[in-house]
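> sequence plus predicted model, see below.
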Amino acid sequence: MESIDFRSLSERLRTELSRVYFWQKIVRILSIIVYLFVFCWMMFVLFGGYLVGYIGLENYSVVTQYIFPVFMGFIVLNFAFSRSLMKFQRQENDIMRSIMSAMFPSVLFSFSSQLDQRILSGSKLFNSSFSDPALAATTYAYLEVPRGDRTLYIADIGVSYGLMNKLELNSVAGYFVMLYRYVLRPLFASRYESSAHNFRGMFGWCRLERSFKGSTIILPDHLEQKVGYLAKNIQGLKKRYNARFVHLEDPDFEKYFVVYADDEVTARMILTPAIMRQITRLRETFGHDMMFSFSKDTFYYAGMMPDGFLCLRKQALDNEYLLEEIYNDINLACQVTDELRLN
């Protein structure tokens, strides 16, 4: 592949990048104001009765006189926020198309394709079945990468799953879940649209030349203690798929990963010493948590990236080195099957 002059690319896109950076700051400021107002309003609705008893009915009536003008101001701010967000997303998508065209001209890149949820369920990386725990996913961008006579698929996805999804359907608990997910989390999320997700980042999959018995799942080691992720997920895997822990004699690999499989012989056949070294090297190069699974004739992998995968990171808007980082992340994702010699 011809080398890319990232400084030249950054200079060529500087005007567009500056414009996106401007709208990103506007969106962030407006989102904080809007969601703080929504939070205060919901607290007022919930606890307004207590406020009457505390300040008295006469003072409460004075306070309510300001509700209408304040609410009208909120409507104006919310309209400005919505338009700014649309403007930012449209400009970000346009410049990402330009960047992808310059960096990866042979790759099919789309913002409109949606990932089939059955593929996520088949990976067993996010849930143990279609409905337990509940699973919802959003596809933000999508790549199709030719690899010989096969195609590698990579997506920038957001996934929400588990107890929170179930509670959101409850008539009482759902109110508080929505308050947390859609009002409080956007105030602190790296990206506004990622706030409702448990996972935001890279997800890839491809068909293999051979089929394996059962499923082998490779997860980040430190997630083993997280009740919200691995504990319930692995319990579901054990019940539904008879998955069990597989101890492998590679300290460098086990520093990053734990392995669960429903067939230990198959897991050891897949995870040879050479493959474990390659997976460890991929994890160290990528610099983020990674997950892998082999299920029958399909290989899946995912990497946590809270700032998004096939999108601009806010630090990259005026820094050609971080533009290069975007390239390296995407290029590495495209070459995972080559690195593991799976084709």
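Received, thanks.

> quick one: what helix or strand has Leu152 in it?
strand 150-161 (DSSP states H and E).

> where does the prediction get shaky in the stretch 1-150 of the chain?
For the stretch 1-150 of the chain, the stretches with pLDDT under 70 are 1-2, 48-49, 51-52, 55, 57, 60, 127-134.

> all strands for this structure, in order.
108-110, 135-147, 150-161, 199-207, 215-220, 244-246, 257-261, 290-295, 298-304 (DSSP state E).

> contacts only, for the nearest residue to Thr151 once chain neighbours are set aside.
Distance criterion CB to CB, 6 or more residues apart in numbering; nearest residue to Thr151, sequence neighbours excluded, is Glu144 at 5.6 Å. Backbone N, C-alpha and C define where each C-beta goes, glycine included. Residues in contact with Glu144 (CB atoms under 8 Å, 6 or more residues apart in numbering) are Val107, Leu108, Thr151, Leu152, Tyr153.

> give me the buried subset of those residues.
Buried residues within the contacts of Glu144, counting neighbours by 16 or more other CB atoms under 10 Å: Val107, Leu152, Tyr153.

> nearest to Tyr327 among those?
Val107 (12.0 Å; CB to CB).

> and the closest one, its phi and psi?
phi -100, psi 140 (degrees, to the nearest 10).

> find the residue at the geometric middle of the chain.
When CA atoms, centre = their mean is applied to the chain, the residue found nearest the centroid is Arg200 (0.8 Å).

> want to throw the buried ones among the contacts of Glu144 into CSV with distance to Tyr180?
CSV is the format used below for these (distance: CB to CB, whole Å):
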residue, distance to Tyr180
Val107, 37
Leu152, 36
Tyr153, 32
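
> for His247, state which of those is nearest.
Nearest to His247 among the buried ones among the contacts of Glu144, with distances taken as CB to CB, is Leu152, at 30.6 Å.

> so what pairs up with the closest one in the strands?
Beta-bridge partners recorded for Leu152 (DSSP bridges): Val145.

> which residues does it contact?
Glu144, Val145, Pro146, Gly204, Trp205, Cys206, Cys334, Val336, Thr337.

> nearest to Val258, of those?
Looking across the contacts of Leu152 and measuring by CB to CB, the closest to Val258 is Val336, at 19.4 Å.

> return the distance of the closest one relative to Cys40.
To Cys40, Val336 is 46 Å away according to CB to CB, to the nearest Å.

> more neighbours: those two, which one.
Val336 (23 against 13; other CB atoms under 10 Å).

> from what I see, the more buried one and Ile279 are in contact.
No. Contact criterion CB atoms under 8 Å: Val336 and Ile279 do not qualify, at 9.4 Å.

> what about stretch 189-201, average pLDDT?
Stretch 189-201 shows a mean pLDDT of 79.

> any idea of the pLDDT on Asp263?
pLDDT at Asp263 comes out at 87.

> give the contact list for it.
Contacts of Asp263 (CB under 8 Å, 6+ apart): Lys213, Gly214, Thr216.

> now these in TSV, with pLDDT?
Shown next, in TSV, are those (pLDDT from 0 to 100):
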residue	pLDDT
Lys213	86
Gly214	85
Thr216	91
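
> can you pick the most crowded of those?
Thr216 (26 neighbours).

> wait, that residue sits on Ile270?
Yes. The pair Thr216 / Ile270 is scored as a contact, 5.5 Å apart, by CB under 8 Å.

> so what sits against both of those two?
With CB under 8 Å, 6+ apart, Thr216 and Ile270 have common neighbours Phe294.

> which elements pack onto the longest helix along the chain?
Criterion DSSP state H: the longest helix present in the chain is helix 14-55. Helices and strands touching helix 14-55, by 3 or more CB pairs under 8 Å, 6 or more residues apart in numbering; DSSP states H and E, are helix 57-64, helix 67-103.

> so Ile26 is in contact with Leu85, correct?
No. Judged on CB under 8 Å, Ile26 makes no contact with Leu85 at a distance of 9.1 Å.

> one step back: mind checking which of the contacts of Leu152 are buried?
Listed as buried from these are Val145, Gly204, Trp205, Cys206, Cys334, Val336, Thr337; burial here means 16+ other CB under 10 Å.

> including distance to Tyr21, could those residues go into a markdown table?
As requested, the buried ones among the contacts of Leu152 are arranged in a markdown table below (distance: CB to CB, whole Å):
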| residue | distance to Tyr21 |
| --- | --- |
| Val145 | 29 |
| Gly204 | 29 |
| Trp205 | 33 |
| Cys206 | 35 |
| Cys334 | 27 |
| Val336 | 31 |
| Thr337 | 35 |
